[in-house]
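Undergrad: Have a look; sequence and predicted model below, questions after that.
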Amino acid sequence: MVKCERCDGFMVRDSIYNIEGQFLEIEVGRCLNCGHTVDLTILKINQKKKAEKATHEKQVTFHGIPITG
């Protein structure tokens with residue numbers, strides 16, 4: 001379950017349509033509590049970056065001594 005970054009509410013998948021001129025559909029996440037919307041593509045990229053950063057920040061130690069390799 002994805003939580004809203006604003007209010008920790010429940011996020012659901014939704015679509016935004018542009019019918020003026022060119023027909024366009026954008027997949028977004030929308031919070032049921034506060035209505036905040038997030039582009040799902042951007043959200044996935046940000047989550048991937050956070051996961052990569054977390055793995056780089058983990059440091060292996062042996063009795064408190066950092067092991068590099």
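TA: Everything's here; your move. Quantities reported herein were computed from a predicted structural model and do not represent experimental measurements.
Undergrad: What's opposite M11 in the beta bridge?
TA: C31 (DSSP bridges).
Undergrad: which SS state does the spatially most central residue of the chain fall under?
TA: Nearest residue to the geometric centre of the chain (CA atoms, centre = their mean): L43, 3.2 Å. What DSSP: H, G, I helix; E, B strand; the rest coil gives for L43 is helix.
Undergrad: what do you get for the one 10 residues further on?
TA: Using three-state DSSP, the three-state assignment for K53 comes out as helix.
Undergrad: What's the local residue count around it?
TA: 9 (other CB atoms under 10 Å). Bear in mind the C-beta positions are built from the backbone N, C-alpha and C, glycine included.
Undergrad: for I16, same thing?
TA: Per other CB under 10 Å, the neighbour tally for I16 reads 12.
Undergrad: where exactly do the strands run in the chain?
TA: Counting by DSSP state E, one finds strands in the chain at the ranges 11-18, 24-31, 37-39, 61-62, 65-66.
Undergrad: Run through the neighbouring helices and strands of the third one.
TA: If I follow you right, that is strand 37-39. Taking 3 or more CB pairs under 8 Å, 6 or more residues apart in numbering; DSSP states H and E as contact, the helices and strands that strand 37-39 lies on are strand 11-18, strand 24-31.
Undergrad: So what are the sheet partners of that strand and their directions?
TA: The pairing partners recorded for strand 37-39 under DSSP bridges are strand 24-31 (antiparallel).
Undergrad: Which residues does the partner strand contact?
TA: By CB atoms under 8 Å, 6 or more residues apart in numbering, the residues outside strand 24-31 that reach it are 2, 4, 6-7, 9-18, 36-41, 43.
Undergrad: Now with 10 Å, please.
TA: 2-18, 36-43 (CB atoms under 10 Å, 6 or more residues apart in numbering).
Undergrad: Now, of the residues you listed, which are buried?
TA: Buried members of the contacts of strand 24-31, scored by 16 or more other CB atoms under 10 Å, are 4, 9, 11, 36, 38, 40, 43.
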